[in-house]
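Asker: just need the structure, nothing else, for what follows:
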Amino acid sequence: METITLGSNGPTVAPLGIGTWAWGDRLFWSYGNEYDASELQDAFKTALELGIHFFDTAEIYGFGESERLLGQFMQQTQQPIQIATKYMPLPWRFNADAVADALTASLRRLQLPIVTLYQVHQPFDFFMGQKTLMNALANEVKQGRILTVGVSNYSAEQMRQAHKILGDRGIPLVVNQVQYSLLARQIESNGVLETARELGITILAYSPLAQGLLTGKYTRENYIEPTGVRRLDPRFSRSGLEKIVPVITVLQTIGEKYERTPAQVALNWLISQNVIPIPGAKNSHQVRQNVGALGWTLSEEEVAQIDQITRP
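Answerer: Residues are numbered from 1 along each chain as shown. Just a heads-up that it's a prediction; the model follows:
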């Protein structure tokens, strides 16, 4: 399988990862009601079978349950797994010890001595400040508990600042994880994508299918009141679904040529932008659907057509 390097010279990963926000999350994703740990384990095993070893999680996903589940699943395989997790700079975390303590807890849940990628979940300064935070992360790299450092939801300027502080310690900033999909293209106009390319920082795209809007599953004709986190998104209203009909139509038309779904076309378009999408998957079927975005390439004309129909 083709691979992508994180940053300029970081570890190589598959061009698509698996997002695990829903793993163990009862608040937004109805874990335990609509799906359970056995289905998640099947999703994990299927990903490995299909060559995907890169999983993105966070300490706050399911209040640690996502990390715990991944830790359990990894004990049942000898295959190398690449884990990206995240630190949340909460207001009461005001010194470098908080970073070390949070990382210790994540490593314990994951049952790992080191994580491939440790990211700052939000660019909150609060009392610690970016300099203290980035230096604390650099210290953990030096101590061997973090392989590489990333950020999430950082603006272009915040990314530059983090890149500079880490660079002064000889540590590269390899990733900025941001929302990016055909229905959320803000990073193309707010400087984030341009700055990332300039600094050699890889973009990880979360919500690359816009919470499922780009799958074609949600339509105006078969409208169902959204549940869970989708209740908060106006794009899932009847009027919101009406607006994206032209987008879904183009994705379906192009998908028919390659015998692919609209979701697979949408993910393939992101990969063509040299970013790594990390769609969520709650079962084996969804993993297979996501991985179907790999192994083929949109033409330049098709990339341009999709670009045009989805411009803000």
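
Asker: quick one: average confidence on stretch 122-130?
Answerer: In this model, stretch 122-130 has a mean pLDDT of 90.

Asker: could you do stretch 266-277 as well?
Answerer: Across stretch 266-277, the average pLDDT comes to 96.

Asker: just stretch 176-192 next, same as before
Answerer: Model confidence over stretch 176-192, given as mean pLDDT, is 97.

Asker: buried residues, the worst-scoring helix or strand of the chain on mean pLDDT. List them.
Answerer: Lowest on mean pLDDT, DSSP states H and E among the helices and strands of the chain sits helix 238-243, with a mean of 80. Judged by neighbour count (16 or more other CB atoms under 10 Å), helix 238-243 contains these buried residues: 240-241. Quick note: C-beta positions are derived from backbone N, CA and C, even for glycine.

Asker: which strands or helices does it pack on?
Answerer: With contacts defined as 3 or more CB pairs under 8 Å, 6 or more residues apart in numbering; DSSP states H and E, helix 238-243 has no helix or strand neighbours.

Asker: buried residues in whichever helix or strand comes after it?
Answerer: The C-terminal neighbour of helix 238-243 among helices and strands, as given by DSSP states H and E, is helix 245-258. Within helix 245-258, the residues that qualify as buried are 247-248, 250-251, 254-255, counting by 16+ other CB under 10 Å.

Asker: next one: stretch 248-257 to chain centre, how far?
Answerer: The chain centroid and the centroid of stretch 248-257 are separated by 24 Å under CA atoms, centre = their mean, to the nearest Å.

Asker: quick one: mean pLDDT over it.
Answerer: Rounded mean pLDDT across stretch 248-257 is 96.

Asker: just to revisit the earlier point, possible to save the buried residues of helix 245-258 as CSV with distance to residue 234?
Answerer: Shown next, in CSV, are those (distance: CB to CB, whole Å):
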residue, distance to residue 234
247, 16
248, 17
250, 22
251, 21
254, 27
255, 26
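
Asker: how about low-confidence regions in the stretch 1-150 of the chain?
Answerer: Counting by pLDDT under 70, not a single residue of the stretch 1-150 of the chain qualifies.

Asker: ok so, going back, using CSV, write out every CA atom in the least confident helix or strand of the chain.
Answerer: Only the C-alpha atoms of helix 238-243 are listed here, as CSV (Å, rounded to 0.1, in the frame of the first residue of the first chain):
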residue,chain,number,x,y,z
ARG,A,238,-34.3,19.3,5.3
SER,A,239,-33.1,22.6,3.9
GLY,A,240,-29.5,21.6,4.6
LEU,A,241,-29.9,18.4,2.7
GLU,A,242,-31.5,20.2,-0.2
LYS,A,243,-28.4,22.4,-0.6
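
Asker: and residue 31, how far is that from residue 81?
Answerer: Distance, residue 31 to residue 81, by CB to CB, to the nearest Å: 21 Å.

Asker: neighbour count winner among the two?
Answerer: Taking other CB atoms under 10 Å, residue 31 and residue 81 do not tie; residue 31 has more neighbours (22 against 17).

Asker: need the contact partners of the strand or helix carrying residue 204.
Answerer: Residue 204 is part of strand 202-206 when elements are defined by DSSP H and E. Identification of contacts with strand 202-206 by CB atoms under 8 Å, 6 or more residues apart in numbering yields 4-7, 10, 17, 19, 21, 56, 84, 150, 152, 174-181, 187, 192-193, 196, 270, 274-278.

Asker: now residue 61: closest residue in space that isn't a chain neighbour?
Answerer: Leaving aside its chain neighbours, residue 61 sits nearest to residue 21 (5.2 Å; criterion: CB to CB, 6 or more residues apart in numbering).

Asker: which among the contacts of strand 202-206 count as buried?
Answerer: Among these, those classed as buried by 16+ other CB under 10 Å are 4, 6-7, 10, 17, 19, 21, 56, 84, 150, 152, 174-181, 187, 192-193, 196, 270, 275-278.

Asker: contacting residues around the residue nearest to residue 61?
Answerer: Taking CB under 8 Å, 6+ apart, one finds 28-29, 58, 61, 66, 206, 280 in contact with residue 21.
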